[in-house]
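Engineer: here's my sequence, what's the structure:
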Amino acid sequence: MPLCLCVIQLFSFDGRTLDCRCCPARTSIRPHMLRLSFLAAAGIALALPLHAQTPLRAGQTVRGELTASDPKADDGSHYDVYTYRGRGGESVTFTLRSSGFDSYLAFGRMAGGEFTAQTEDDDSGGGTDARLTVTLRADGEYVVRATSMSGGETGAYTLTAEAGAARPRTPATPAAAPAGTLRMGQTVSGALSATDPRLPDDNTHFDLWRFTGRAGQRVEVVMKSAAFDSYMAVGRMKGGELEVLGSDDDGAGGNDARVRVTLPADGEYLVRANSLTEGETGAYTLTLGMAPALPPAPRPTAIRAGQTVSGRLAQGDALAGDESYYDAWVYEGRAGERLRITLRSTDFDAFLSVGQGLGESFDDLQTDDDGAGGTDAQVEITLPRAGTYVIRANTLAADETGAYTLTVTRL
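Structural biologist: Take a look at the predicted model:
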């Protein structure tokens with residue numbers, strides 16, 4: 001649904017929506033989001049109720065649920081709040097998907113306990129899913145609100161943060177037949193031209209290349225171009241659409257892209273080569289190779305309630321999915337036990353995850369970026385069952401290393 005950005009116009013109520021008389025399409029807008037858009041455009045901060053905030057990192061997908069006990073906006077729609085810490089000039093895309101309700105996203109910042117919305121979206125993610133791509137204006141913490149289009153809607157959802165301008169799953173069309181085949185260790189040359197097919201969301205040209213892989217194989221695809229800013233996605237066809245496993249804008253340095261993924265199954269995969277910006281064309285190369293092997297999952301060290309331990313993250317440590325280093329600690333817990341876990345470091349921006357499982361089987365139950373103040377992390381959790389829990393001492397960004405302390409306190 002298009003969003004009206006008019007600042008002063010006449011509106012009439014129509015059920016739970018408003019119809020803008022100045023717009024040819026008679027855009028429908030939720031009443032409380034109307035106020036958000038107008039006041040944000042005027043630079044006016046909005047006071048919103050405070051509640052639990054969950055940190056979100058680039059490359060991460062979190063699962064959540066809107067419930068009847070969540071806080072409500074003025075129109076009765078429930079919402080959850082997520083925080084994203086980023087750097088000025090960074091481009092990031094947030095996608096909210098749900099089969100239970102019509103998704104709606106709002107992005108902005110907190111100041112003095114008040115939220116200022118910078119941008120919002122209803123269905124740019126396709127169907128009733130929401131997607132926002134933003135360029136951060138400055139270093140700091142930002143707020144993402146996951147909510148529904150209409151009041152009273154509840155249900156499960158996923159929220160994804162991706163570095164760069166995201167590319168949605170692309171419908172397969174006859175015009176999008178693969179340009180060729182990639183083989184392991186091979187570099188191929190291609191060119192984006194004005195006659196190539198275009199992505200439906202941003203009108204950029206793209207080529208598709210196919211390769212065959214095996215389950216568990218870790219591959220790396222690098223796209224280079226001196227003619228345009230490269231953007232690339234790697235995935236496989238599912239239900240007539242490209243299911244993206246990994247995407248990147250400039251991971252290979254400069255304007256070149258690099259994607260590293262672990263293939264989930266035997267079969268054929270596709271590389272979608274395109275540009276970051278509409279209208280860009282020119283020559284490029286693609287190289288398919290084996291990605292560096294992930295370091296083995298660390299042998300976890302036991303930690304007890306009431307204990308503070310010291311550790312150090314260093315090159316060669318295990319890597320999380322975003323290629324940030326981490327150490328693993330294990331805690332033997334009881335059902336219903338309540339813990340406060342704190343990760344502190346003066347060398348890096350701390351990120352803390354508590355869950356179960358080791359290596360790629362790790363399933364986080366709760367995460368935090370800076371809940372302990374500054375760049376230190378803290379999680380308060382009630383253990384759902386008796387068993388072994390894994391605490392990951394991690395960094396917010398890739399390539400960060402240094403000393404840290406980890407404390408577990410029973411509440």
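
Engineer: how's this structure carved up into domains?
Structural biologist: 45-163, 174-290, 301-410 (automatic domain parsing).

Engineer: lowest-confidence stretch among those domains?
Structural biologist: Among the domains of the chain, domain 45-163 carries the lowest mean pLDDT, a mean of 81.

Engineer: do a quick rundown of the helices in the chain.
Structural biologist: Under the criterion DSSP state H, the chain contains helices at 31-41.

Engineer: sorry, back to before: want to throw the domains of the chain into JSON lines with mean neighbour count?
Structural biologist: Placement of C-beta: from N, CA and C, glycine included. Conversion of these to JSON lines gives the following (neighbours: other Cβ atoms under 10 Å):
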{"stretch": "domain 45-163", "mean neighbour count": "18"}
{"stretch": "domain 174-290", "mean neighbour count": "17"}
{"stretch": "domain 301-410", "mean neighbour count": "17"}
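
Engineer: need the contact list for D369.
Structural biologist: P55, R57, T83, R85, D349, A350, F351, L352, T375, A377, L396 (Cβ atoms under 8 Å, 6 or more residues apart in numbering).

Engineer: closest to the centroid, which residue in this protein?
Structural biologist: Nearest to the mean C-alpha position of the chain, by Cα atoms, centre = their mean, lies A161 at 1.2 Å.

Engineer: coming back round to it: out of the contacts of D369, which is nearest to V244?
Structural biologist: Closest to V244 out of the contacts of D369 is R57 (17.8 Å), distances taken as Cβ to Cβ.

Engineer: contact partners for that closest one?
Structural biologist: Counting by Cβ under 8 Å, 6+ apart, R57 has contacts Y84, A161, D322, F351, D369, L396.

Engineer: the residue nearest to the centre of the chain contacts L56, doesn't it?
Structural biologist: Yes. Applying Cβ atoms under 8 Å, one finds A161 in contact with L56, separated by 5.0 Å.

Engineer: anything in contact with each of the two?
Structural biologist: Any residue near both A161 and L56 by Cβ under 8 Å, 6+ apart counts here, and that gives Y84, F94, V144.

Engineer: name the nearest residue to the second one, sequence neighbours excluded.
Structural biologist: So the one you mean is F94. Excluding the flanking residues, the one nearest F94 by Cβ to Cβ, 6 or more residues apart in numbering is L132, at 5.0 Å.

Engineer: ok, the one you found to S124 distance?
Structural biologist: 7 Å (Cβ to Cβ, to the nearest Å).

Engineer: repeat for E380
Structural biologist: Between E380 and S124 the computed distance is 35 Å (Cβ to Cβ).

Engineer: also A257?
Structural biologist: Remark: distance between A257 and S124 (Cβ to Cβ) = 22 Å.

Engineer: so what's T83 up against?
Structural biologist: The neighbours of T83, taking Cβ under 8 Å, 6+ apart as the test, are Q53, T54, P55, L56, E141, Y142, V143, V144, D369.

Engineer: any chance of those residues in CSV with distance to L286 as columns?
Structural biologist: Output for the contacts of T83, formatted as CSV (distance: Cβ to Cβ, whole Å):
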residue, distance to L286
Q53, 40
T54, 37
P55, 35
L56, 31
E141, 37
Y142, 34
V143, 38
V144, 33
D369, 35
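
Engineer: before we move on, the earlier item: which one among the contacts of D369 gets closest to L358?
Structural biologist: Ranked by distance to L358 (Cβ to Cβ), the contacts of D369 are led by L352 at 16.7 Å.

Engineer: how near is the closest one to G235?
Structural biologist: Distance, L352 to G235, using Cβ to Cβ: 31 Å.

Engineer: and if you look at F101?
Structural biologist: For F101, the distance to G235 equals 26 Å [Cβ to Cβ].

Engineer: do G289 as well
Structural biologist: 18 Å.

Engineer: swap in Y84?
Structural biologist: Y84 is 24 Å from G235, by Cβ to Cβ.

Engineer: next one: V221
Structural biologist: From V221 to G235 the distance is 11 Å (Cβ to Cβ).

Engineer: please apply the same query to T346.
Structural biologist: For T346 relative to G235 (Cβ to Cβ), the value is 40 Å.

Engineer: now swap in E268 and tell me
Structural biologist: 11 Å.

Engineer: swap in L365?
Structural biologist: Applying Cβ to Cβ to L365 and G235 gives a distance of 28 Å.

Engineer: can you pull the contacts of the residue lying closest to D347 once chain neighbours are set aside?
Structural biologist: Spatial nearest neighbour of D347, chain neighbours left out: G402 (2.3 Å); criterion: Cβ to Cβ, 6+ apart. Contact analysis of G402 by Cβ under 8 Å, 6+ apart lists R312, L313, S345, T346, D347, F348.

Engineer: ok, those residues vs Y326, which is closest?
Structural biologist: L313 (7.0 Å).

Engineer: from memory the closest one sits against A350, does it?
Structural biologist: No. Using Cβ under 8 Å, L313 makes no contact with A350, being 9.8 Å away.

Engineer: overlap in contacts of the two?
Structural biologist: What both L313 and A350 touch, as defined by Cβ under 8 Å, 6+ apart, is the set A393, N394, T395, Y404.

Engineer: partner residues bridging the third one?
Structural biologist: Taking DSSP bridges, one obtains A350 as the residues bridged to T395.

Engineer: please enumerate the strands of the stretch 101-250 of the chain.
Structural biologist: Taking DSSP state E, counting those that start in this stretch, the strands of the stretch 101-250 of the chain run over residues 103-111, 114-121, 130-135, 140-148, 155-163, 180-181, 187-192, 206-213, 218-224, 230-238, 241-248.

Engineer: between the ones you listed, which gets nearest to T301?
Structural biologist: Comparing the strands of the stretch 101-250 of the chain under Cβ to Cβ, the one sitting nearest is strand 218-224, at 26.6 Å.

Engineer: dump the closest one to PDB, restricted to CA.
Structural biologist: This file holds the C-alpha atoms of strand 218-224, laid out as PDB (Å, rounded to 0.1, in the frame of the first residue of the first chain):
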ATOM      1  CA  ARG A 218      30.800 -24.000   2.100                       C
ATOM      2  CA  VAL A 219      31.200 -21.800  -1.000                       C
ATOM      3  CA  GLU A 220      32.300 -18.300  -1.800                       C
ATOM      4  CA  VAL A 221      31.100 -16.200  -4.800                       C
ATOM      5  CA  VAL A 222      32.900 -12.900  -5.600                       C
ATOM      6  CA  MET A 223      31.500 -10.300  -8.000                       C
ATOM      7  CA  LYS A 224      33.700  -7.500  -9.300                       C
END
